[in-house]
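> Fold the following.
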Amino acid sequence: MSHSIKHAAIPGRLFIIGFGSIGQGMLPLILRHLDITADRITIITADARGRDEAAHYQVDFQIRPLTRDNHRDILVPLLRRGDFVLNLSVDVSSLALVELCQVTGALYLDTCIEPWAGGYTDASLSPSLRSNYALREAAMELKSRYPGGPTAVLTHGANPGLVSHFMKQALLNIAQDNGLDVAAPTTRDGWARLAQRLGIKTVHVAERDTQVADRPRERGEFVNTWSIDGFVSEGCQPAELGWGTHERHFPVDGQRHEFGSDAAIFLNRPGISTKVRTWTPMEGPFHGFLVTHNEAISIADYFTARNEDGGVAYRPTCHYAYHPCDDAITSIHEFVGKGYVQQERQRLLMSEIVDGIDELGVLLCGHEKGAYWYGSQLTVAEARELVPYNNATSLQVCATVLGGMVWALENPTQGTVEADEVSFERVMEIATPYLGPVVGVYTDWTPLDGREALFPEDLDRDDAWQFKNVRVS
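Presented below is the predicted three-dimensional model:
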């Protein structure tokens with residue numbers, strides 16, 4: 001695909017809310033692939049990060065932090081039908097912005113469902129009510145109030161987002177490799193029946209980031225390759241996972257929600273202190289953090305097959321399994337050890353990265369061939385060559401945001417949708433040129449490998465893919 005092709009046109013103005021690492025990585029992609037001029041783009045953000053880049057591209061840059069009290073006064077006079085709101089902020093309510101867009105006729109896309117500041121850690125709320133599950137349920141309620149309204153694409157970055165599209169392609173690949181003549185399903189139930197037919201028990205969103213900088217992390221500093229505020233916020237939420245029908249050992253610290261789809265559970269502990277066993281092709285086996293992510297819930301819900309009476313016949317377990325860059329690992333260790341008190345100094349790695357890869361994909365487990373990983377293996381060197389102001393992690397997000405924006409512009413009256421409802425073929429067509437090698441690899445690894453070599457463990461050896469075996473005690 002040409003790196004100069006215009007995929008779609010924005011008829012009105014584009015408002016970018018928030019301009020951290022993803023916003024800065026998106027701007028050159030937007031100007032490259034969307035038919036819009038710089039004078040019709042406005043950045044509304046909380047601080048001066050990215051001001052020089054905006055000036056380089058001659059884009060309007062406004063430091064106007066959006067709050068619960070002022071967001072309507074700032075945005076309502078600006079938004080018109082045909083505009084596009086790209087929300088890449090933290091501490092700004094996604095649902096408030098979606099509702100404004102539904103009323104004004106603007107299109108919308110974000111990479112996660114964000115609450116107002118403090119919503120992730122509000123001690124007055126139960127763990128259930130400060131979960132991603134609760135945020136998603138509120139979004140689904142909003143969806144029902146504006147059917148057929150302006151398209152608002154929720155949670156469409158790399159993960160959540162891209163991994164939902166990887167999931168569908170991986171299912172088709174496994175079916176073909178098992179000799180099944182299967183066309184891509186056209187309905188939600190069709191996809192769920194395919195996953196059930198293939199015997200998918202568990203889906204890990206398995207990610208290993210090996211990017212390294214020329215200056216190591218110092219004591220009292222939090223270092224990461226993407227939003228530090230975003231990572232810390234989601235890491236302090238309860239660990240959440242979609243809960244599959246094959247599971248037979250409910251976690252002792254687990255809890256169900258008392259409302260909504262019942263597709264997921266949460267653990268009464270933060271994700272940044274919860275580890276699971278997983279696997280990627282280049283890293284092999286490793287321990288990752290079970291940080292809450294929308295895709296863990298939406299994938300489990302989307303791929304639920306139901307009986308005629310509406311009862312659940314099949315659902316896969318799904319969760320994130322994330323090993324960030326090594327400097328982020330030591331940052332987390334210090335952060336947790338200090339009682340979850342954020343370090344005063346933060347450093348977002350970008351130009352100082354000298355090597356590394358972000359290996360991001362889905363590991364589909366329990367089928368006849370064992371486990372199958374499908375995803376992106378993007379190096380920082382290739383990311384920089386492809387798009388300025390990016391590293392490997394940010395470009396995987398940005399490429400998917402671009403694909404989601406194009407789909408929304410081509411389908412402008414779909415109302416509120418999740419990544420799982422967006423055309424995986426179209427998004428992959430747009431994003432794949434920016435993802436480095438996209439590969440599928442089978443493995444015979446299971447979470448039982450190497451266990452009890454030194455100490456006995458309470459394991460379920462009849463089914464390797466029980467969450468009990470996956471979780472690190």
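
> For Leu29, give me its contacts.
By CB atoms under 8 Å, 6 or more residues apart in numbering, the contact set of Leu29 is 387, 398-399, 401-402, 434. Every C-beta, even on glycine, is put in place using the N, C-alpha and C of the backbone.

> The same query, at a cut-off of 7 Å, please.
When contacts are counted by CB atoms under 7 Å, 6 or more residues apart in numbering, Leu29 touches 387, 398, 402.

> ditto for Val92
Residues in contact with Val92 (CB under 7 Å, 6+ apart) are 17, 66, 114.

> buried set for the lengthiest helix in the chain?
Looking across the chain with DSSP state H, the single longest helix is helix 392-410. By 16 or more other CB atoms under 10 Å, the buried positions in helix 392-410 come out as 392-409.

> Past it, which element shows up next along the chain?
Next in sequence after helix 392-410, counting helices and strands by DSSP states H and E, comes strand 416-418.

> So which residues make contact with that following strand?
For strand 416-418, contacts defined as CB under 7 Å, 6+ apart pick out 98, 139, 142-143, 146, 151-155, 298.

> With stretch 378-386 instead?
Applying CB under 7 Å, 6+ apart, the set of residues contacting stretch 378-386 is 211, 353, 355-358, 390-392, 395-396, 434-436.

> Please tell me how far that stretch is from the chain's geometric centre.
Mean-position distance between stretch 378-386 and its chain equals 20 Å (CA atoms, centre = their mean, to the nearest Å).

> Stretch 262-274 now?
Centroid separation for stretch 262-274 versus its chain: 16 Å, with CA atoms, centre = their mean.

> average model confidence for it?
Stretch 262-274 carries an average pLDDT of 97.

> now do stretch 350-362
The average pLDDT for stretch 350-362 rounds to 97.

> partner residues bridging Glu207?
Assessed by DSSP bridges, Glu207 has beta-bridge partners Tyr322, Leu360.

> Can you verify my assumption that it contacts Cys325?
No: distance between Glu207 and Cys325: 10.8 Å, which falls outside the contact criterion (CB atoms under 7 Å).

> re the thing from before, so which elements touch the longest helix of the chain?
If contacts are counted by 3 or more CB pairs under 7 Å, 6 or more residues apart in numbering; DSSP states H and E, helix 392-410 sits against strand 8-9, helix 21-33, strand 107-110, strand 357-367, strand 370-379, helix 380-386, helix 424-431.

> Indicate which one of the ones you listed is closest to Asn224.
helix 21-33 (9.3 Å; CB to CB).

> Taking helix 392-410 as reference, get the angle to that closest one.
Taking axes from the mean of the first three to the mean of the last three CA atoms, to 10 degrees, one finds helix 21-33 and helix 392-410 inclined to each other by 50 degrees.

> so where's the stretch 251-400 of the chain shaky on pLDDT?
Within the stretch 251-400 of the chain, no stretch has pLDDT under 70.

> what ranges do the strands span in it?
Applying DSSP state E, counting those that start in this stretch to the stretch 251-400 of the chain gives strands spanning 254-256, 264-270, 275-280, 284-289, 305-306, 312-314, 317-323, 345-348, 353-355, 357-367, 370-379.

> What are the contacting residues of the fifth one?
The reference is to strand 305-306. 189, 192-193, 196, 312-314.

> let's see it at 8 Å
Contacts for strand 305-306 (CB under 8 Å, 6+ apart): 189, 192-193, 195-196, 312-315.

> Buried members of those into ChimeraX, please.
Buried residues among the contacts of strand 305-306 (16+ other CB under 10 Å), as a ChimeraX selection:
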select :192,193,195,196,314,315
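
> could I get the contacts of strand 305-306 as JSON lines with distance to Gln58?
Listed next are these as JSON lines, based on distance: CB to CB, whole Å:
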{"residue": "Asp189", "distance to Gln58": "49"}
{"residue": "Ala192", "distance to Gln58": "48"}
{"residue": "Arg193", "distance to Gln58": "51"}
{"residue": "Ala195", "distance to Gln58": "48"}
{"residue": "Gln196", "distance to Gln58": "53"}
{"residue": "Val312", "distance to Gln58": "53"}
{"residue": "Ala313", "distance to Gln58": "56"}
{"residue": "Tyr314", "distance to Gln58": "53"}
{"residue": "Arg315", "distance to Gln58": "50"}
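
> So which of the contacts of strand 305-306 is the closest to Asn268?
Nearest to Asn268 out of those is Arg315 (CB to CB; 22.0 Å).

> so the closest one sits right up against Phe303, yeah?
Yes: Arg315 is within contact range of Phe303, at 6.9 Å (criterion: CB atoms under 8 Å).

> Correct me if wrong: Val291 contacts Leu241.
No: counting by CB under 8 Å, Val291 stays clear of Leu241, with 10.5 Å between them.

> who's more crowded, the two?
Between Val291 and Leu241, counted using other CB atoms under 10 Å, the more crowded position is Leu241 (33 against 24).

> picking that back up, list just the one of the helices and strands packed on helix 392-410 that sits closest to Asp449.
Among these, strand 370-379 comes nearest to Asp449, with 11.2 Å by CB to CB.
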